[in-house]
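Engineer: Next comes the sequence, and after it the predicted model I'd like to discuss.
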Amino acid sequence: MLDWDNLRIFLTAVRAGNYTAAARRLRIDRTTVGRRLDRLERQLGVPLFEQGEDGYHPTVAGRRVLEIADRMEELADSLAEEIGGRARAPAGHVRVIIAADLGAELMPDLAAFAAAHPDIRLSIQSSADPCEDVIQRKSDIGLCLVDQQPDHLRGRRVGTLRQAPYAAAAYTDREKPADPGAVAHWICCAGRPPLPAMRRWDGAIADRAAVAAYVDSWAALRGAVDQGLGAAFLWTFAADPAPGLRRIAPPDPAIGIDLWLLVRDDVPMEQATRAFLHDMADRLSRRIAPAD
């Protein structure tokens, strides 16, 4: 029968990245960590670690053990809270990376999470490729825009984000475009857009568009629309509730994309990261549901 303590040490070793750091976290010596993990490998009959270019990583079998042990830890924590009669508030530091295509559209949701979990400190950055940042361990969890779950990552699909053409109310009152084809002022991306979502929408209309301005970021795109410079494709979940914007046409299914919350598949989630994933997945699912 497997010893839960050995699984707990395995989880800590993977989180810490090496035996020495794991020993410090567990307040035991490094030799004990190595001995307990050797015992776990003998019990399972398979190696749990292999050496890569940047150190040791879980094997395929190790990833499976990691997945199960991670769930066991979560269940054990839930059991302790239920039987103990009071929940222990998650605490810690979570490094979050957000697809730059989303600009600041998710900041209200992040602020609501922070208010609900005052003991969790967030570090928030944006990236053109948040999946790669998570894989490279630059962040703990990513809010990523991808059509399918990438290799080496795991997590939850939140839903599909749609885009539709919008313009400021002042612009539509002045120009009165009846449909996207009647728009005389489109806002496009300068050069080859660095962000995947911007490339998709640019490809949908750029060849036939009368361009009013070129921008190089999602924040500039949204700002240009807000100020009445012209029309552009925006996220429906963010633009529909905005009182100063009007949708010109229904969402274009060709430029929808899935939103995922993703972590590495070979690193167990810390309590704070797990709380962020579950809370934000539920919170964002509710927010984008009308546009899904």
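Structural biologist: Looks like it arrived, so ask away. Numbering: from 1, shown residues only.

Engineer: quick one: the helices in the stretch 1-150 of the chain?
Structural biologist: 4-16, 19-26, 30-44, 60-84, 107-116, 130-135 (DSSP state H, counting those that start in this stretch).

Engineer: what comes up buried for the fourth one?
Structural biologist: Within helix 60-84, the residues scored as buried using 16 or more other Cβ atoms under 10 Å are 61-63, 65-66, 69-70, 73. Glycine gets a C-beta too; all of them are placed from N, C-alpha and C.

Engineer: How about residues contacting that helix?
Structural biologist: With Cβ atoms under 8 Å, 6 or more residues apart in numbering as the test, helix 60-84 has contacts from 4, 7-8, 10-11, 14, 44, 46-50, 58, 87-88, 154, 265-269, 271, 274.

Engineer: Contact partners for Val263?
Structural biologist: Applying Cβ under 8 Å, 6+ apart, we find Val263 in contact with 134, 140-142, 153-155, 269, 273, 277.

Engineer: Drop anything exposed from the contacts of helix 60-84.
Structural biologist: 7-8, 10-11, 14, 48-49, 58, 154, 265-269, 271, 274.

Engineer: of those residues, closest to Ala111?
Structural biologist: Closest approach to Ala111 among those (Cβ to Cβ): Arg274, at 20.1 Å.

Engineer: Next, that closest one: secondary structure please.
Structural biologist: At Arg274, secondary structure determined by DSSP: H, G, I helix; E, B strand; the rest coil is helix.

Engineer: From Ser139, how far out is the residue lying closest to it once chain neighbours are set aside?
Structural biologist: Spatial nearest neighbour of Arg274, excluding adjacent residues (Cβ to Cβ, 6 or more residues apart in numbering): Glu74 at 6.5 Å. Applying Cβ to Cβ, to the nearest Å, the value for Glu74 to Ser139 is 21 Å.

Engineer: Over to Trp260?
Structural biologist: Distance of Trp260 to Ser139, computed by Cβ to Cβ: 14 Å.

Engineer: Over to Ile28?
Structural biologist: Separation of Ile28 from Ser139 (Cβ to Cβ) stands at 29 Å.

Engineer: ok, now Asp29?
Structural biologist: Using Cβ to Cβ, one gets 31 Å for the distance from Asp29 to Ser139.

Engineer: With neighbour numbers in mind, choose between these two.
Structural biologist: Ser139 (25 against 13; other Cβ atoms under 10 Å).

Engineer: Confirm for me that the more buried one is in contact with Asp129.
Structural biologist: No. Between Ser139 and Asp129 there is no contact under Cβ atoms under 8 Å: 11.2 Å.

Engineer: Which SSE is immediately downstream of the worst-scoring helix or strand of the chain on mean pLDDT?
Structural biologist: Using mean pLDDT, DSSP states H and E, helix 196-205 stands out as the lowest-scoring helix or strand of the chain, at a mean of 64. Later in the chain than helix 196-205, the nearest helix or strand by DSSP states H and E is strand 211-215.

Engineer: same for that next one, what does it pack against?
Structural biologist: In terms of contacts (3 or more Cβ pairs under 8 Å, 6 or more residues apart in numbering; DSSP states H and E), strand 211-215 is packed against strand 186-189, helix 218-226.

Engineer: Can you say which of the ones you listed is nearest to Ala99?
Structural biologist: helix 218-226 (9.0 Å).

Engineer: Measure how the closest one sits relative to strand 211-215, angle-wise.
Structural biologist: Interaxial angle, helix 218-226 versus strand 211-215 (axes from the mean of the first three to the mean of the last three Cα atoms, to 10 degrees): 150 degrees.

Engineer: any idea which helix or strand carries the residue of the chain most remote from its centre?
Structural biologist: Going by Cα atoms, centre = their mean, the residue of the chain most distant from its centre is Arg174, 38.9 Å out. Here Arg174 is covered by helix 169-175, with elements defined by DSSP H and E.

Engineer: Quick one: distance of that helix to the chain centre.
Structural biologist: Helix 169-175 has its C-alpha centroid displaced from the chain centroid by 35 Å (Cα atoms, centre = their mean, to the nearest Å).
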